[in-house]
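Trainee: Could you look at this predicted model? Sequence included:
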Amino acid sequence: MTALPATTARKLGLVIDLDTCVGCHACVIACKGWNTENYGAPLSDNDAYGAAPEGSFLNRVHSYEVTPETGAPMVVHFPKSCLHCEDAPCVTVCPTGASYKRTEDGIVLVNESDCIGCGLCAWACPYGAREMDAQAGVMKKCTLCVDRIYNENLPEVDREPACVRTCPAGARHFGDLGDPQSAVSQLVATRGGFDLMPEQGTKPVNKYLPPRPRDQLMEPPAQLAELCEPATDGLPGFLGWIDRTLGKI
């Protein structure tokens, strides 16, 4: 079995803001594209447009309707990928040493040439973050775009994971969570960032920022409220509303 490093020089990871994520899946597409065209073997798709499509994705977004005890109901979009845990069970269960955690930055990777596709790491991961690539016959997972973040041939602004770089809502943040002074650590401290399923004892590096409660519907400004009043004269219904609204602009 593979041993975990006692410590790592850094703890690179993601901070995901559940209050900001709009569930657009741009991060999913960017992740699929980058990891298919660059690092390792391509992420395969089988029968993509057929009756039983099957494909490998390293990042997924799940959407839930949440009704809190207090406040208004809301939809929460929950992105999920490998959390690069400090005590990663997927690493210690690997019989060939293919899964390992880097000492320099804490990133958990898979050496595909050593992977035998046994699936033990997928069974050990409590987050369902590993996927068997049916065509390659090896296990795939989020790499934090290790081939991007250290690539000096890229502009500095692009040296971050593809999912972070592409997020249109700015819901994803990347940095060293082992440094209390880093921007991501400060964000976690300020917003009350939390671990996913802490009871598992895996100590995930990635953190989530909770959504802010929706206590009440905001009242529209007085000028907007006036424009939104239903039409009572002239044309009926929706056409009347449009005629009245355009007449006030």
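Mentor: Arrived safely.
Trainee: Toward the C-terminus, what is the element adjacent to the helix or strand of the chain at the bottom of the mean pLDDT ranking?
Mentor: The least trusted helix or strand in the chain, going by mean pLDDT, DSSP states H and E, turns out to be helix 222-227, with a mean of 61. Next in sequence after helix 222-227, counting helices and strands by DSSP states H and E, comes helix 237-247.
Trainee: For stretch 70-78, output the C-alpha coordinates as PDB.
Mentor: Output of stretch 70-78 as PDB, limited to C-alpha atoms (Å, rounded to 0.1, in the frame of the first residue of the first chain):
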ATOM      1  CA  THR A  70     -35.800  29.900   8.600                       C
ATOM      2  CA  GLY A  71     -35.700  32.000   5.500                       C
ATOM      3  CA  ALA A  72     -36.800  31.500   1.900                       C
ATOM      4  CA  PRO A  73     -36.200  28.300  -0.100                       C
ATOM      5  CA  MET A  74     -33.300  28.400  -2.500                       C
ATOM      6  CA  VAL A  75     -31.500  26.400  -5.100                       C
ATOM      7  CA  VAL A  76     -27.900  25.500  -4.200                       C
ATOM      8  CA  HIS A  77     -25.500  24.400  -7.000                       C
ATOM      9  CA  PHE A  78     -22.800  22.100  -5.500                       C
END
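Trainee: Give me the below-cutoff pLDDT ranges for the protein.
Mentor: By pLDDT under 70, the weakly predicted segments of the chain are 1, 39-41, 215-237.
Trainee: Tell me how it divides into domains.
Mentor: 12-209, 219-249 (automatic domain parsing).
Trainee: For G119, see how far away D45 is.
Mentor: According to C-beta to C-beta, to the nearest Å, D45 and G119 sit 20 Å apart. In this view, the C-beta of every residue, glycine as well, is placed from N, C-alpha and C.
Trainee: Please apply the same query to V75.
Mentor: Counting by C-beta to C-beta - V75 and G119 are separated by 33 Å.
Trainee: the strands in the chain, which residues?
Mentor: 12-17, 45-46, 54-55, 60-66, 74-80, 99-101, 108-110, 131-133, 138-140, 172-176, 207-209 (DSSP state E).
Trainee: which one of those is the most hemmed in?
Mentor: strand 12-17 (a mean of 25; mean count of other C-beta atoms under 10 Å).
Trainee: name the helices or strands packed onto it?
Mentor: strand 172-176, helix 183-191, strand 207-209 (3 or more C-beta pairs under 8 Å, 6 or more residues apart in numbering; DSSP states H and E).
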